[in-house]
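Asker: Quick one, fold the following:
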Amino acid sequence: MKLQTGKVDSRPPRSSGQFQYAKLAPTTAPLIHELEDDHEFEFVEGTMQAPMAEGIESLATPADQAFYAFYNPDDTATLLVALNQLSSYINDQGPFDGVVAFSAGAVLAGLYLLQLWQQGKPLPFRFAVFFSTASSGAELAQLSLAPTPGCLKLPTAHIWGQNDLIAPTGGANMASLCDPSQAFVSVHEGGHEFPRQSKLTEAVHMMRRAIGRASS
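Answerer: Below is the predicted model of the structure:
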């Protein structure tokens, strides 16, 4: 996300099975509508063809189109390539004030921040928003990352579903690695998905709190 004169340009990584924004629109459009007066959204997709991700059956079918991922979770080399690509993108297109990420994209964004933390380098974002963060234990081991609780010192928002059967602890695990004094959490009744209906307002509130803290 790039915050310029009151606008946020978000470039959120998405889940391990990538699909066109048109397929995400039914679930993300209400979220974007809540923020569009102050924010501008752009989307970046994965580049590696992959099977359709589990949990998006209501949004797309394998016959619809090809699906893409940022990396293969079983192949460390592809993870390293994805992290290097993300770093290059930020360096070439940034600076960005924040990042919004979903599922495996949230893992990728989190790993990127944790790598910089472990290397003692400054973080490139002023805030981060994580939706339905996928499980990240394998990736942390692959990268030999040993983060300590609360090590990521930036405002964050963490939104996940209490009925998430795909990564039931992913959101809480990522939240535990962020500064607890500025980590804002919203848990909705859904699964591995964006919040809907009344919980959408609460999620937007958490996002605004993180963005507001970064701007103060």
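
Asker: From residue 90, how far off is the closest residue to residue 125 other than its chain neighbours?
Answerer: Closest residue to residue 125 apart from its sequence neighbours, by CB to CB, 6 or more residues apart in numbering: residue 98 at 5.0 Å. C-beta: built from backbone N, CA, C; applies to glycine. Distance from residue 98 to residue 90, counting by CB to CB, to the nearest Å: 11 Å.

Asker: So the two - more neighbours on which side?
Answerer: Legend: neighbour count by other CB atoms under 10 Å for residue 98 and residue 90, higher for residue 98 (28 against 16).

Asker: Model confidence for the more buried one, exactly?
Answerer: Model confidence at residue 98, given as pLDDT, is 86.

Asker: What's opposite it in the beta bridge?
Answerer: For residue 98, the beta-bridge partners are residue 127 (DSSP bridges).

Asker: I figured residue 149 hits residue 175, correct?
Answerer: No - counting by CB atoms under 8 Å, residue 149 stays clear of residue 175, with 9.8 Å between them.

Asker: which of those two has more neighbours?
Answerer: Between residue 149 and residue 175, residue 175 has the larger neighbour count (other CB under 10 Å), namely 22 against 11.

Asker: Name the residue closest to the centre of the chain, please.
Answerer: The centre of the chain sits closest to residue 101, judged by CA atoms, centre = their mean, with a distance of 1.7 Å.
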